[in-house]
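[1] quick one: sequence plus predicted model below, questions after.
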Amino acid sequence: MVRTARRSKAGFTLVELMVVMVLIAVLLTIAVPRYFGTVDNGKNSVQRQNISAIRDAIDKYYGDQGKYPATLEDLVDKHYLREIPVDPLTDHRDWVLLAPTDTNLTGVYDVRSAKPAPDTSGKDHAAN
């Protein structure tokens, strides 16, 4: 019996490798934007929660002390907050402090984010 030359099947051809690479690239183009969108949505949610916690602490401080805190550090010193939350969009504690609308009162009445750019929902971060 004469044997014919056998082709070795030990490796992959260049075409097979290219097909796999194209499939991986297509999957990444679908997954990566969704991942970064989810991260941005998470930061927006954390920011809204942090602003809500600060506002709640300011309200409790006012209810107990009869005045607004002079700074956010007063909320920490009087144990209304453990620490001033970080704004996840700026990675700093750079909240914009707003004074009360009543001219007879002083102190911190409200806080806003220092980042003025709108988020993916079209809302302004500073207006949160």
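    Alright, I've got the coordinates.

[2] can you give me the helices in this protein?
    Listed in chain order, the helices of the chain (DSSP state H) span residues 14-65, 72-77.

[3] quick check, central residue of this protein?
    In the chain, the centroid-proximal residue (CA atoms, centre = their mean) is residue 43; its distance is 1.3 Å.

[4] ok, now which ones touch it?
    For residue 43, the contact set (CB atoms under 8 Å, 6 or more residues apart in numbering) comprises 88, 89. Just so you know, the C-beta spots here come from the backbone N, C-alpha and C atoms, and that holds for glycine as well.

[5] and it, how far from residue 114?
    Distance, residue 43 to residue 114, using CB to CB, to the nearest Å: 14 Å.

[6] just the helices of the chain: most buried one?
    With neighbours taken as mean count of other CB atoms under 10 Å, those reach their highest mean count in helix 72-77, at a mean of 17.

[7] find the nearest non-adjacent residue to residue 46, please.
    For residue 46, the nearest residue in space outside its immediate sequence neighbours is residue 88; the separation is 4.7 Å by CB to CB, 6 or more residues apart in numbering.

[8] for that neighbour, give me the pLDDT.
    At residue 88 the predicted local confidence, pLDDT, stands at 90.

[9] so what's the residue count around it?
    Counted with other CB atoms under 10 Å, the burial measure for residue 88 works out to 19 neighbours.

[10] could you shift the numbering so residue one becomes 41, and keep it that way?
    Okay, using 41 as the starting number, the last item reads as residue 128.

[11] how close does it sit to residue 57?
    41 Å.

[12] repeat for residue 132
    Taken as CB to CB, the span from residue 132 to residue 57 is 46 Å.

[13] ok, now residue 88?
    For residue 88, the distance to residue 57 equals 47 Å [CB to CB].
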